[in-house]
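Peer 1: Below is the sequence, then the predicted model.
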Amino acid sequence: SAVISQKPSRDICQRGTSLTIQCQVDSQVTMMFWYRQQPGQSLTLIATANQGSEATYESGFVIDKFPISRPNLTFSTLTVSNMSPEDSSIYLCSVEIGAPLEQYFGPGTRLTVT
Amino acid sequence: GDSVTQMEGPVTLSEEAFLTINCTYTATGYPSLFWYVQYPGEGLQLLLKATKADDKGSNKGFEATYRKETTSFHLEKGSVQVSDSAVYFCALSVRGGSEKLVFGKGTKLTVNP
């Protein structure tokens, strides 16, 4: 398994501003993933971040709105840019580690945009 | 595309009752199947998995069997406890694709004493 931490755990932001969420893993991993969980909804993948390459975004998500950095094998950031109330969600990072096809999730960042 | 259809909730049971949460899937290729659990105020945890047909995943008294013929992966527990109250997500991953997880909508389970 893996120990994954996220910062901040929660935040309340004003519309039009940006927030950067950090994800730290206690071991080196190749692939990291960012998900969004809107209130009362399931998880939707935003993008996949591999170290040393550009993130791959899912349909409906764009780099200008959700820029991602992956500077090394244990760390990634997701920025939510020019926020609107519709961005209010829980944002989770996950990693694939250990046995193949097992993903482990961070505790999430609860974002409220007012 | 790949998708997961999960039993709508919420589900409310009394302690020691039998639990079934239905999950069916559509996938190209040969998916691996997962159940994740999200306890109140906590992150998502992997509960169990199965990587090929007829595999049975089990953990903490929960079981699910990968049924290729019915494209199903139903979650069961013989005797639920109050501490099992959580949201349960069925998910799949297709190796050879993007390795991303595709989640069902989640089923909220409440167990009353």
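Peer 2: All right, it came through fine.

Peer 1: Neighbours of residue 9, how many?
Peer 2: No chain was given, so I picked chain A. 12 (other Cβ atoms under 10 Å in any protein chain shown). Quick note: C-beta positions are derived from backbone N, CA and C, even for glycine.

Peer 1: oops, chain B please
Peer 2: B:Gly9, neighbours per other Cβ under 10 Å, totals 15.

Peer 1: Residue numbers of chain A in contact with chain B?
Peer 2: Residues of chain A lying near chain B by Cβ under 8 Å from any Cβ of the partner chain: A:31, A:33, A:41-45, A:48, A:56, A:58, A:92, A:94, A:96, A:100-108.

Peer 1: Just the buried residues of these.
Peer 2: A:31, A:33, A:42-43, A:45, A:48, A:58, A:92, A:94, A:96, A:101-108 (16 or more other Cβ atoms under 10 Å in any protein chain shown).

Peer 1: Just the local confidence number for residue 3, please.
Peer 2: As the question left the chain open, I've gone with chain A. Looking at A:Val3, its pLDDT is 89.

Peer 1: oops, I was thinking of chain B
Peer 2: The model's pLDDT for B:Ser3 equals 91.

Peer 1: Surely it is in contact with B:Tyr25?
Peer 2: Yes: using Cβ atoms under 8 Å, B:Ser3 is in contact with B:Tyr25, at 6.9 Å.

Peer 1: of the two, who's got more company?
Peer 2: B:Tyr25 (20 against 12).

Peer 1: Which residue ranges of chain A form helices?
Peer 2: Assigned helices in chain A: none (criterion: DSSP state H).

Peer 1: residue closest to the middle of chain A?
Peer 2: Nearest to the mean C-alpha position of chain A, counting by Cα atoms, centre = their mean, stands A:Trp34 at 3.4 Å.

Peer 1: which ones are touching the closest residue to B:Thr65 other than its chain neighbours?
Peer 2: Once flanking residues are discounted, B:Thr65 sits nearest to B:Lys56: 4.7 Å by Cβ to Cβ, 6 or more residues apart in numbering or on different chains. Each residue near B:Lys56 by Cβ atoms under 8 Å, 6 or more residues apart in numbering or on different chains is listed here: B:50, B:63-66.
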